[in-house]
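[1] With the sequence up front, the predicted model follows.
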Amino acid sequence: MWRRQQALLRWLPPLRAVAQSPPPWVGGGPACYYGSAAEGKKEKTAPLQARGMVDKFRMRAKGGDGGSGCVSLRRSRSDRQGRPDGGNGGKGGDVILECSRSIWDFSGLQHHMRGGRGGNGVSKNQIGTRGSDKIAQVPVGTVIHLVEGEQPSFAVNKPTRALDPWDIPGVTEHSSASSNQIDNAVMKGCDGGLSHWHIGPKHYTDGNEAEKKSINQPENGKYLHTCSEPGFSNTDCDVRTYPCQEEIDEKDQIESEDDDFWEDEDEFNTDEEEDEEEEEREEQDVQYCVAEMTKPGQRLIIARGGEGGLGNAFIMKEMRPSKEYRQEKIARLSTGQPGTEAFLILELKSIADVGLVGLPNAGKSTLLSALSRAQPEIADYEFTTLRPNIGSLTYEDYFSVKVADIPGLIKGAHENRGLGHAFLRHIERTKVLAYVLDLAATLNGRKGIPPWEQLQDLVTELEHYQEGLTRRPSLIVANKIDEEGADEMYEELKRRVQGVPIFPVCAILQEGVPDLRVGLRNLMDDSDPQGIDLRKITVQ
Ligand SMILES: Nc1nc2c(ncn2[C@@H]2O[C@H](COP(=O)(O)OP(=O)(O)OP(=O)(O)O)[C@@H](O)[C@H]2O)c(=O)[nH]1
């Protein structure tokens, strides 16, 4: 397992980069620096991974174990034999991912998630409470890869079957606190009564020890305390009281701490030192894209809670076990089932129709705010944008287009310079690419890159990320046309770049933006649009 996780660390370059990056730069602004991974140079820019988004995340989930069924006999003066009245254990809680618009990345998630344990059944045929579900919110566009464990499944909102008698309506969504309240109420009810007796499995005084243990102590040791009712003795039966919910929770806590599940808290922070072959083998094991979360409110169950054990009332009534093996059968059936486990990798791939790509400071965020009502952070230093911003561009006929502004790309991003090129996954699924070029990068004494070279660098980086990415429908936004000398630059750009439409724009004053909106729409509708061909860019 340790090696598997080591291998996965390699598989996740962005995460590793974050983990291994030098101490974060405090604050932001033009005076901050970042180290080039390739050359170790210092270059002037804003803080990077220090505030960066987490768009790949490994998670281990385990459904809550089912509660134990209760073994109890209800006796009265008129019925000295008693009749079974132990209730079924409650189902364990699920671990659920919920798709939310208000979440941007995985930074708020926990690496380990575990559903709540189902409550134990109690006497008077009372069912144990359902374990609380653990719900983690993830952004729209989350893709799930399965490394190990059960396939996740989408939760169905409306009930598709008759209500399970083990599900107590209204309990599922409650926090553990409210479950406790319900449980306590149930427990109090049972503790005060004198007319019933809780009877544990028969003690064997002979036979082998293993058998004895399995019968007397169900695996998860649910029968905690023993106390006998005064004035009553029964040589065949243990008379027991049941733990209140605080005890169950406390025990869960202790169990959880001992459990393998929590064993390697550092498992996601280990150093890299393992052979390449194993890494490749592990990568092959990953089942890619087992699920994708695209709609807000969508719920995916990644680990299911175990079913609760059966109470003796149910067992005796429905199963009628033969006398010979009755005790064994009851002991076995009353044990709650363990929850399922899964080891997953979550990856965020934003879903947008149009992707804005450009060098840092080209004006992508300004353009997004001009095109839509999005309000991304805008500043005159590089790498202001550290996570994708998505805006919605709506036309008069209510046709709506989603536009994604991603962090700036620089030459060598594929060698992990700047923010690297991992952010390109957010435009991987866009239909249209808009290259935002800064016409004023070399004007008025600025030591920037000419627009055609900007374009060349962008195309090269995109192709490094994914071959053929630049073949998708594209247009060029020649931004900052308001700057002095930008008109000449625009003319030169038109001369040097062929084959794609170029729109002169001043994003800050929203000039040229209406034409750009039309251009984007045409590109979306066009049946035979063109991408960018490096050969059609003249740099020299
Ligand atoms: N003169 C002029 N300045 C602009 C225009 N558009 C953007 N700017 C300025 O350019 C600077 C950078 O703008 P941003 O929108 O943050 O650029 P960005 O491409 O999102 O930058 P990163 O976040 O680093 O990727 C800001 O100071 C903007 O005010 C424009 O049309 N004309």
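    Sure, I can see it.
[2] residues in contact with the residue of the stretch 401-540 of the chain found nearest the ligand?
    Using C-beta to the nearest ligand atom, the single residue of the stretch 401-540 of the chain nearest to the ligand is residue 408, 3.2 Å away. In short, each C-beta sits where N, CA and C put it, glycine included. Residue 408 is in contact with 358-362, 364, 382-383, 385, 418-419, counting by C-beta atoms under 8 Å, 6 or more residues apart in numbering.
[3] With residue 81 instead?
    residue 75.
[4] Please repeat the previous calculation with a cut-off of 10 Å.
    Going by C-beta atoms under 10 Å, 6 or more residues apart in numbering, residue 81 touches 73, 75.
[5] Relative to residue 89, how far out is it?
    Residue 81 sits 25 Å away from residue 89 when distances are taken as C-beta to C-beta, to the nearest Å.
[6] cool, residue 309 as well?
    In terms of C-beta to C-beta, residue 309 sits 4 Å off from residue 89.
[7] Common neighbours of the two, please.
    65-70, 118, 120-121, 128, 222, 334-337.
[8] just the buried members of the residues you listed?
    Taking 16 or more other C-beta atoms under 10 Å as the criterion, what is buried in the shared contacts of residue 309 and residue 89 is 65-70, 118, 120-121, 128, 222, 334-337.
[9] Would you mind checking which of those is nearest to residue 489?
    residue 65 (66.9 Å; C-beta to C-beta).
[10] For that closest one, give me its contacts.
    89, 91-93, 114-118, 131, 219-220, 252, 255, 305-309, 335-339.
[11] what do you get if the cut-off is 8 Å, keeping everything else the same?
    92, 117-118, 131, 220, 305-306, 336-339.
[12] quick one: pLDDT of residue 161?
    We have a pLDDT of 49 for residue 161.
[13] which of the residues in stretch 138-157 are buried?
    By neighbour count with 16+ other C-beta under 10 Å, stretch 138-157 contains the buried residues 138-147, 149-150, 152.
[14] Looking at the stretch 101-250 of the chain, what residue ends up closest to the ligand?
    For the stretch 101-250 of the chain, C-beta to the nearest ligand atom, closest residue to the ligand: residue 104, 15.2 Å.
[15] How much space separates that residue from residue 416?
    Per C-beta to C-beta, residue 104 is found 22 Å from residue 416.
[16] Repeat that for residue 521.
    36 Å.
[17] Likewise for residue 150?
    Per C-beta to C-beta, residue 150 is found 35 Å from residue 416.
[18] Same check on residue 518?
    38 Å.
[19] And the two? Which one has more around it.
    residue 416 (18 against 11; other C-beta atoms under 10 Å).
[20] quick one: low-confidence parts of this protein?
    The chain contains residues with pLDDT under 70 at 1-53, 157-284, 381, 384, 386, 418-420.
[21] give me that answer again for 80
    Applying pLDDT under 80 to the chain picks out residues 1-55, 104, 156-285, 317-328, 350-351, 374-388, 412-426, 526-530, 539-540.
[22] residues from it in reach of the ligand?
    Residues of the chain found near the ligand (C-beta under 6 Å from any ligand atom) are 358, 360-366, 378-380, 382-385, 407-408, 479-480, 482-483, 506-508.
[23] three-state assignment of residue 393?
    strand (DSSP: H, G, I helix; E, B strand; the rest coil).
[24] Once you drop chain neighbours, what's closest to it?
    residue 401 (4.6 Å; C-beta to C-beta, 6 or more residues apart in numbering).
[25] From residue 378, how far off is the one you found?
    21 Å.
[26] So between these two, which is more surrounded?
    In this comparison of residue 401 against residue 378, neighbours counted by other C-beta under 10 Å, the higher total goes to residue 401 at 21 against 16.
[27] The contacts of residue 408 in helices, which ones?
    Members of the contacts of residue 408 lying in helices (criterion: DSSP state H): residue 364.
[28] Most neighbours of all the contacts of residue 408, which one?
    Counting by other C-beta under 10 Å, top hit in these: residue 364 with 32 neighbours.
[29] rewinding a little: which two of the contacts of residue 65 have the greatest separation?
    Between any two of the contacts of residue 65, the greatest separation by C-beta to C-beta is 14.1 Å, found for 220 and 305.
[30] out of those two, which sits in the more crowded spot?
    When residue 220 and residue 305 are compared for neighbours, residue 305 comes out ahead with 34 against 18, by other C-beta under 10 Å.
[31] neighbours of the nearest residue to the more buried one once chain neighbours are set aside, just the number please.
    Nearest non-adjacent residue to residue 305, counting by C-beta to C-beta, 6+ apart: residue 92, 2.9 Å away. Neighbour count for residue 92, taken as other C-beta under 10 Å: 33.
[32] Residue 505 looks like it's in a strand, true?
    Yes: applying three-state DSSP, one finds residue 505 inside a strand.
[33] residues touching it, list them.
    Counted by C-beta under 8 Å, 6+ apart, residue 505 has contacts 367, 477-479, 481, 511-513, 516.
[34] Now that we have the residues you listed, which of them are buried?
    367, 477-479, 481, 512-513, 516.
[35] Next step: those residues restricted to strands.
    Using DSSP state E, the members of these that fall within strands are 477-479.
[36] how about those in TSV, adding distance to residue 352?
    Output for these, formatted as TSV (distance: C-beta to C-beta, whole Å):
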residue	distance to residue 352
477	16
478	22
479	19
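[37] and residue 328, which of the three is it?
    Assigned with three-state DSSP, residue 328 falls in the helix class.
[38] what's the neighbour count on it?
    16.
[39] ok, it to residue 377 distance?
    Plainly put, residue 328 is 66 Å away from residue 377 if you go by C-beta to C-beta.
[40] cool, and residue 532?
    From residue 532 across to residue 377, the span is 28 Å (C-beta to C-beta).
[41] Counting neighbours, go ahead and name the busier of the two.
    residue 532 (26 against 12).
[42] Now do the phi/psi pair for the residue nearest to residue 385 when sequence neighbours are not counted.
    Nearest residue to residue 385, sequence neighbours excluded (C-beta to C-beta, 6+ apart): residue 407, at 4.7 Å. Reported as degrees, to the nearest 10, the phi and psi values for residue 407 are phi -60, psi 150.
[43] try residue 444
    phi 50, psi 40.
[44] Give the burial count for residue 465, as a bare number.
    Applying other C-beta under 10 Å, we find 20 residues neighbouring residue 465.
[45] Now do the contacts for it.
    414, 421, 424.
[46] how does it look with 10 Å?
    Residues in contact with residue 465 (C-beta under 10 Å, 6+ apart) are 409, 413-414, 420-425, 427-428.
[47] If we only consider these, which is nearest to residue 536?
    residue 409 (20.1 Å).
[48] ok, and the closest non-adjacent residue to the closest one?
    residue 461 (5.1 Å).
[49] give the contact list for the one you found.
    By C-beta under 10 Å, 6+ apart, the contact set of residue 461 is 357, 359, 409-414, 417-418, 421, 424, 469-470.
[50] how about it, secondary structure?
    Judged by three-state DSSP, the three-state class of residue 461 is helix.
[51] could you say which helix or strand contains residue 98?
    strand 95-100 (DSSP states H and E).
[52] what's the answer for residue 343, then?
    Counting by DSSP H and E, residue 343 is part of strand 341-348.
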